[in-house]
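Q: Coordinates for the following, if possible.
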Amino acid sequence: MTRVVSGIAHAGRSGSIDPSTQPGSAPVPRPAWLGELTERLETVTPQWFSRFLPPDEGGRESAVLILFGPAPAGAQEDEGEHVVLIERSHTMRTQPAQIAFPGGARDPEDADLVATALREAEEETGLDPTGVDVVAQLPSLFLPPSRFVVAPVLGWWARPSALAVRDPAEVHDVLSVPVSHLVQPSTRFSVTHPSGYVGPGFDLDDLFLWGFTAGLLSSVLELGGLSRPWDADVHRPVPEHHLGGRA
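A: Okay, here's the model as predicted:
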């Protein structure tokens, strides 16, 4: 059974998140704010998204899918758009239990980084990539600890499909999170890490969203004109269980 908390749908290990549209129905049109976001993309530099930019040489190519879409079946009508996230397996050697966008390293057979993002999302969540309308590829960013060069691919879910955990060794849960929840000021805070890192965070009820994913999501929401003022002086430390494994 799908679990829904504060509008956040969880597929869990044995359930699924089902689309609100019927198979064969007309594509769901993009919301106006996504069009405004793509126009604003031309006015910002890569530093808007992160201060860590790819090195001139080295780094492993990878991609993540930032997928917005209509609310899943069973959601309240006034929730508006949702975004797809995953909770990584709690037993993974790197970044256990962290909330992330679907994605991973580029394979040799991937035609480009958009193909990487869609393939990884299909492998992790079971989504049908043919239903994704690719909106834009954002500037590639760098993750120094892992040396991944990450291309964020922004998508709109024009033809939603069911989501479920495909491989429990990699994914603990698949989430569909309302944008309306993410932009609530009470959901936002600043994350503090023992290393001295301070960055944006989101409260997803019993889950803690921080790091690269939170920073990128925060920037996208702001660029889309959706952000609301929040108190950055509210600090919360990274939970202990997120500090396990290599960063």
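Q: C-alpha only now, for contacts and for neighbours.
A: Fine.
Q: Keeping just the C-alphas, turn the helix or strand hosting Pro152 into CSV.
A: Per DSSP states H and E, Pro152 falls inside strand 148-157. Provided in CSV are the C-alpha atoms of strand 148-157 (Å, rounded to 0.1, in the frame of the first residue of the first chain):
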residue,chain,number,x,y,z
PHE,A,148,31.2,12.9,-10.0
VAL,A,149,30.4,15.5,-12.7
VAL,A,150,26.6,15.6,-12.5
ALA,A,151,24.3,16.9,-15.2
PRO,A,152,20.9,17.7,-13.8
VAL,A,153,18.1,17.0,-16.3
LEU,A,154,14.9,18.9,-15.7
GLY,A,155,11.8,17.0,-16.8
TRP,A,156,8.0,17.3,-16.8
TRP,A,157,6.0,14.1,-16.5
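Q: Give me the residue at the spatial middle of this structure.
A: Phe101 (3.3 Å; CA atoms, centre = their mean).
Q: quick one on the thing from earlier: partner strands of the strand holding Pro152, with direction?
A: strand 60-69 (parallel), strand 132-137 (antiparallel), strand 141-143 (antiparallel) (DSSP bridges).
Q: list the buried ones in the helix or strand that that strand is followed by?
A: Per DSSP H and E, strand 148-157 leads on to strand 171-178 as the next helix or strand towards the C-terminus. Of the residues in strand 171-178, 171-178 count as buried by neighbour count, 16 or more other CA atoms under 10 Å.
Q: related to what we said a few turns ago, who's the closest spatial neighbour of the residue nearest to the centre of the chain, skipping the chain neighbours?
A: Leaving aside its sequence neighbours, Phe101 sits nearest to Leu85 (CA to CA, 6 or more residues apart in numbering; 4.9 Å).
Q: Regarding Pro96, which helix or strand does it belong to?
A: Per DSSP H and E: Pro96 is located in neither a helix nor a strand.
Q: Can you classify Val220 as helix, strand or coil?
A: Three-state call for Val220 (DSSP: H, G, I helix; E, B strand; the rest coil): helix.
Q: OK, contacts around it?
A: Leu37 (CA atoms under 8 Å, 6 or more residues apart in numbering).
Q: Please export the C-alpha coordinates of stretch 84-104 as PDB.
A: The C-alpha coordinates for stretch 84-104 follow below in PDB (Å, rounded to 0.1, in the frame of the first residue of the first chain):
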ATOM      1  CA  VAL A  84      10.000  12.500  -7.600                       C
ATOM      2  CA  LEU A  85      12.800  11.600  -5.100                       C
ATOM      3  CA  ILE A  86      14.300   8.400  -3.800                       C
ATOM      4  CA  GLU A  87      15.500   7.300  -0.400                       C
ATOM      5  CA  ARG A  88      18.700   5.400  -0.900                       C
ATOM      6  CA  SER A  89      19.200   2.000   0.700                       C
ATOM      7  CA  HIS A  90      20.100   2.200   4.400                       C
ATOM      8  CA  THR A  91      22.900  -0.400   3.800                       C
ATOM      9  CA  MET A  92      24.700   1.300   1.000                       C
ATOM     10  CA  ARG A  93      28.400   2.000   1.500                       C
ATOM     11  CA  THR A  94      28.100   5.600   0.300                       C
ATOM     12  CA  GLN A  95      25.400   8.100   1.400                       C
ATOM     13  CA  PRO A  96      23.200   5.500   3.100                       C
ATOM     14  CA  ALA A  97      19.500   6.500   3.700                       C
ATOM     15  CA  GLN A  98      20.000   9.900   1.900                       C
ATOM     16  CA  ILE A  99      17.200  11.500  -0.100                       C
ATOM     17  CA  ALA A 100      18.200  12.100  -3.700                       C
ATOM     18  CA  PHE A 101      17.100  12.500  -7.200                       C
ATOM     19  CA  PRO A 102      17.000   9.400  -9.300                       C
ATOM     20  CA  GLY A 103      20.300   9.100 -11.300                       C
ATOM     21  CA  GLY A 104      23.800   7.700 -11.500                       C
END
